[in-house]
Each structure stands twice: as structure tokens, then as C-alpha cells.
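Trainee: Mind looking at a prediction? Sequence and model below.
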Amino acid sequence: MSSQRTNLLYGVGLDLALPGLKFTQLNVYRRNNEQIADNWQATLVWGAPFQLGGQSFLYDGFIDWASGSSDQHANLNWTSQLKWLASNLWQGKSQVWLGVEYVWWRHKFGVTDRPQLRSHENNVNLLLKWHF
């Protein structure tokens, strides 16, 4: 039995023009899952650039919610990043971002959280992004 799964998502998306945000998008999908029951997903993504002390920052991220079904629990993933555009210091052609990422999952991948199998997750990650 292969550990790989094929999941097909199809749906609609809306670009939302919200004040102060570079982008905001809302997508609603039907998830056609290969090895588990089909379900629904909604995804919200955003990007909020701002200036502070003459420096450029970006707060962006996404929230994924997937409905439960007969063989999986509803789950929620909120992942966001706060980044500083460090490459402004040397005016290079490529962008270098430094920051932190926060990940918050409940019932990761639809697995019910229990003492012998934890499916809730909270973590903070250091971030280095290089756009060249």
C-alpha cells in the first residue's frame, strides 16, 4: 500500500480588495480524497505590508479549515509570518526577508487528538527567505 495520497480540490476563489492589505483571497473547495471520505475546505490568505522606522515589513499567512467526514475530524490550520525586508540595508537586486512563522493546527490532517497520538500543534519557526 502506497503512503502517497491523491487529493483533488476544485472550487471557487474570490480576490478581496481590503484597505491596508496587499492581497486577500477567499477560496472554497470540494476535496475529492483518494483514501478517505470527501469533504470541504475553505482557505483565507492575506498579505499586509507596513513601514516601521523607515523599514519594510510584511505580515502574511493563511487559514485553512476542512470539514469533518465519516473518517476524519474537522481541522483548522492557521499559519502566519511576520517578516522584515533586510535586503533594504544593502539595496541588492534580490530580496532577503528575516522573520518568524507561527503555526497553529487543531486535528492536523483530520486526525482526532488523543494522548497516544497528538494532532494539535503549536510552533514558532525562525524564517529566512531569499527571493532571487
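Mentor: That came in fine, so what should we check first?
Trainee: State the pLDDT value of the residue of the chain most remote from its centre.
Mentor: For the chain, the largest distance from the centre (C-alpha atoms, centre = their mean) belongs to W90, which lies 29.9 Å off. Note on W90: pLDDT of 86.
Trainee: mind checking how far it is from Q51?
Mentor: 18 Å (C-beta to C-beta, to the nearest Å). Every residue, glycine included, has its C-beta placed from N, CA and C.
Trainee: Provide the partner residues of the nearest residue to G11 once chain neighbours are set aside in its beta bridges.
Mentor: Counting by C-beta to C-beta, 6 or more residues apart in numbering, G11 lies nearest to Y29, which is 3.6 Å off, once chain neighbours are set aside. Assessed by DSSP bridges, Y29 has beta-bridge partners G11, Q41.
Trainee: which residues touch the residue nearest the centre of the chain?
Mentor: Nearest to the geometric centre of the chain sits F62, at 3.7 Å (C-alpha atoms, centre = their mean). Neighbour list for F62: T43, L44, V45, W46, N77, W78, T79, S80 [criterion: C-beta atoms under 8 Å, 6 or more residues apart in numbering].
Trainee: how about the helix or strand hosting it: buried residues?
Mentor: Element membership for F62, per DSSP states H and E: strand 55-66. Neighbour counts using 16 or more other C-beta atoms under 10 Å place S56, F57, L58, D60, G61, I63, D64, W65, A66 of strand 55-66 among the buried residues.
Trainee: Tell me the strands beside it, with direction?
Mentor: Strand 55-66 pairs in its sheet with strand 39-52 (antiparallel), strand 75-85 (antiparallel), by DSSP bridges.
Trainee: Let me have those in JSON lines, adding distance to L21 as columns.
Mentor: Shown next, in JSON lines, are those (distance: least, C-beta to C-beta, whole Å):
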{"stretch": "strand 39-52", "distance to L21": "5"}
{"stretch": "strand 75-85", "distance to L21": "13"}
